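> Next come a sequence and a model predicted from it.
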Amino acid sequence: MTINLIVAMDHKGQIGNKGGLPWENIPIDQNHFRNVTIGDDPTRMNVVIMGRLTWESLPKPLKDRVNVVLSENMDFKIPGILVLNSFEQVRLFVHELDPTFFGDVFIIGGAKLYEKFLPEAERVYLTYVAGDFEGDTLFPGHDTKKWQVTSCTPYAKGSESPYDLEFIIRDRIKPETPSE
């Protein structure tokens with residue numbers, strides 16, 4: 001089981017604007033997000049973890065994945081969805097998942113969850129959206145020297161995207177173990 005971040009951003013690192021995305025709907029990115037977060041192992045269910053504002057930006061629960069929402073409001077409840085009330089509860093939940101039944105964990109937003117889980121993440125799935133957008137939420141700063149690009153697939157604007165895109169996978173660079 002790995003902890004992954006999945007995010008779309010522009011060249012300024014913007015990931016949100018007024019509770020939504022800084023750009024209009026991108027069908028090819030939505031399909032990419034769905035395929036990555038569902039995965040390809042039918043024997044184990046992947047987990048998506050999001051903050052309350054990210055939850056509220058979705059039209060409905062994400063099918064075929066375990067949905068977890070972080071809200072510090074103890075009275076916030078969603079029928080059929082696991083709501084946790086602190087980063088510590090989320091972290092404990094993640095580290096107690098049984099890999100026999102659960103696949104990978106995907107942090108899907110917002111910025112505070114990305115920031116908290118960035119030190120533990122092994123992979124970042126990044127959709128780079130080309131364009132100049134208005135935004136009020138940024139992806140947290142991090143040391144890019146600790147990450148290597150292992151895949152970069154460009155996608156030209158067209159019928160499934162009004163923007164040029166790059167689907168990028170960044171893997172954490174593992175420290176070398178000293179040889180004996």
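The structure has been received and is ready for your questions. Nothing here was measured: the structure is a model prediction, and the numbers come from that model.
> And the lowest-mean-pLDDT helix or strand in the chain, what does it pack against?
Across the helices and strands of the chain, mean confidence by mean pLDDT, DSSP states H and E is lowest for helix 52-57: a mean of 93. Helix 52-57 is packed against strand 66-70, strand 102-109, with contacts defined by 3 or more C-beta pairs under 8 Å, 6 or more residues apart in numbering; DSSP states H and E. Where C-beta positions appear, they are placed from N, C-alpha and C, glycine not excepted.
> what's it in contact with?
If you take C-beta atoms under 8 Å, 6 or more residues apart in numbering as the criterion, helix 52-57 is touched by 19-21, 67, 69-71, 73, 76, 78, 81, 108-110, 113.
> burial count for the spatially closest residue to residue 78 that is not a sequence neighbour?
Nearest residue to residue 78, sequence neighbours excluded (C-beta to C-beta, 6 or more residues apart in numbering): residue 69, at 6.3 Å. Applying other C-beta atoms under 10 Å, we find 24 residues neighbouring residue 69.
> Okay, and the beta partners of residue 69?
Here residue 69 sits in beta bridges with residue 50, residue 83, going by DSSP bridges.
> Now for it: which residues touch it?
49, 50, 51, 52, 55, 76, 78, 81, 82, 83, 84.
> re earlier: so for residue 26, which of the helices and strands packed on helix 52-57 sits nearest?
Closest of the helices and strands packed on helix 52-57 to residue 26 is strand 102-109, at 15.2 Å (criterion: C-beta to C-beta).
> now the closest one: how far from the chain's centre is it?
7 Å (C-alpha atoms, centre = their mean, to the nearest Å).
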